[in-house]
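>>> structure for this input, please:
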Amino acid sequence: MCLGNPALHAREEKSEKRKGQSSLRQKFTFTFCLLAFSLIALSGCRQKMSNQPKYDPLEPSAFFQDGMSARPRIAGTVARGELSTNPFFDTGKVNGAIADGYPMAITIDVINRGHQRYDIYCSECHGRTGDGNGMIPARGYRRPPSFHTATLRTATTGHFFDVMTNGFGAMPPYKSMVPPADRWAIVAYIRALQLSQHATMDDVPLTERAKLDAPAPGGAPAASAGAAPQQHGGSH
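Numbering: from 1, shown residues only. Take a look at the predicted model:
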């Protein structure tokens with residue numbers, strides 16, 4: 001059996017190997033060129049976007065007569081999202097005067113939403129119960145008035161909404177952080193807080209009054225409404 005010329009086989013193997021290496025070099029060169037071209041193209045695009053003529057916020061301008069690059073709003077125009085179709089809902093006012101009541105139905109879901117928003121934005125100063133003893137006044141900030149004073153218990157709902165919107169005294173405006181619907185929800189929760197500190201038996205629905213005298217889960221009878229709590233321990 002003839003196995004052929006060993007030298008010829010060796011040359012053929014070297015030739016195939018060189019072809020494979022050449023093909024691999026071509027693929028690598030093509031890929032490298034493609035990536036390099038892409039990087040150049042992208043960097044050029046970014047340069048044009050980054051270096052285009054523009055003003056930074058509050059940067060002066062020699063083009064306008066007043067020297068400011070930021071331009072005032074044109075009289076009579078309304079920005080997107082600022083068109084008011086319900087002034088009471090948006091401002092807490094009717095015909096420019098602080099009003100009372102609500103521009104929407106107040107449900108338990110609205111009050112729960114107000115509870116959540118109140119704990120986030122208000123409780124730090126006003127306290128969880130609305131007494132003004134939040135953690136920020138406890139650290140030296142001006143103490144806000146309690147919601148349970150006679151003045152604020154008789155204040156209109158529009159008053160609370162207006163204060164949240166525009167600020168009052170040391171309190172900053174929250175218009176940009178809390179949307180109108182959430183401000184009204186907070187107002188409803190403030191009313192719930194006020195009621196919780198001054199409620200009477202007459203405020204409890206007849207269907208719920210029986211629960212006040214029902215035995216507690218541990219078996220001990222629940223305290224009757226109006227009963228004085230028992231004192232425990234010595235004096236402090």
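
>>> report pLDDT for the residue most central in space within the chain.
The geometric centre of the chain, computed from its C-alpha atoms, lies nearest to Met177 (C-alpha atoms, centre = their mean), at 6.2 Å. At Met177, the predicted lDDT confidence score is 95.

>>> wait, it sits on Ile120?
No. The pair Met177 / Ile120 is not scored as a contact, 9.5 Å apart, by C-beta atoms under 8 Å. No exception for glycine: its C-beta is placed from N, CA and C like everyone else's.

>>> one step back: and the residue nearest to the centre of the chain, how far is that from Phe64?
Using C-beta to C-beta, to the nearest Å, one gets 32 Å for the distance from Met177 to Phe64.

>>> again, but for Glu82
Using C-beta to C-beta, one gets 24 Å for the distance from Glu82 to Phe64.

>>> neighbour count: these two, which is higher?
For the pair Glu82 and Phe64, the greater number of neighbours falls to Phe64 (11 against 8), based on other C-beta atoms under 10 Å.

>>> and Gly140, what does it touch?
The neighbourhood of Gly140, defined by C-beta atoms under 8 Å, 6 or more residues apart in numbering, contains no residues.

>>> could I get the pLDDT score of it?
90.

>>> and it, backbone torsions?
phi 110, psi -10 (degrees, to the nearest 10).

>>> Ala170 versus that one, what's the distance?
Note on Gly140: its distance to Ala170, by C-beta to C-beta, is 12 Å.

>>> what sits up against the helix or strand hosting Gln197?
Gln197 belongs to helix 180-198 when elements are defined using DSSP states H and E. Counting by C-beta under 8 Å, 6+ apart, the neighbours of helix 180-198 from elsewhere in the structure are 89-90, 102-104, 106, 110-111, 113-115, 117-118, 121-122, 129-130, 147-148, 152-153, 157, 160-161, 164-165, 174, 178, 203.

>>> quick check on those: which are buried?
89-90, 102-103, 106, 110-111, 113-115, 117-118, 121-122, 130, 147-148, 152, 157, 160-161, 164-165, 174, 178 (16 or more other C-beta atoms under 10 Å).

>>> report the contact partners of Phe161.
91-92, 183-184, 187.

>>> same thing but 10 Å
Each residue near Phe161 by C-beta atoms under 10 Å, 6 or more residues apart in numbering is listed here: 88-93, 98-99, 102-103, 180, 183-184, 186-187.

>>> what helix or strand is it on?
Taking DSSP H and E as the criterion, Phe161 maps to helix 157-166.

>>> closest to Leu35 out of the contacts of Phe161?
Proximity of these to Leu35 (C-beta to C-beta) peaks at Pro180, which lies at 52.2 Å.

>>> what's the local residue count around that closest one?
Around Pro180 sit 19 other residues, with neighbours defined as other C-beta under 10 Å.

>>> what do you get for the one 5 residues further on?
For Ala185, the count of nearby residues is 26 (other C-beta under 10 Å).

>>> name the nearest residue to it, sequence neighbours excluded.
Nearest non-adjacent residue to Ala185, counting by C-beta to C-beta, 6 or more residues apart in numbering: Gly114, 3.5 Å away.

>>> and the one you found, how close does it get to Thr107?
Where Thr107 is concerned, Gly114 sits at a distance of 11 Å (C-beta to C-beta).
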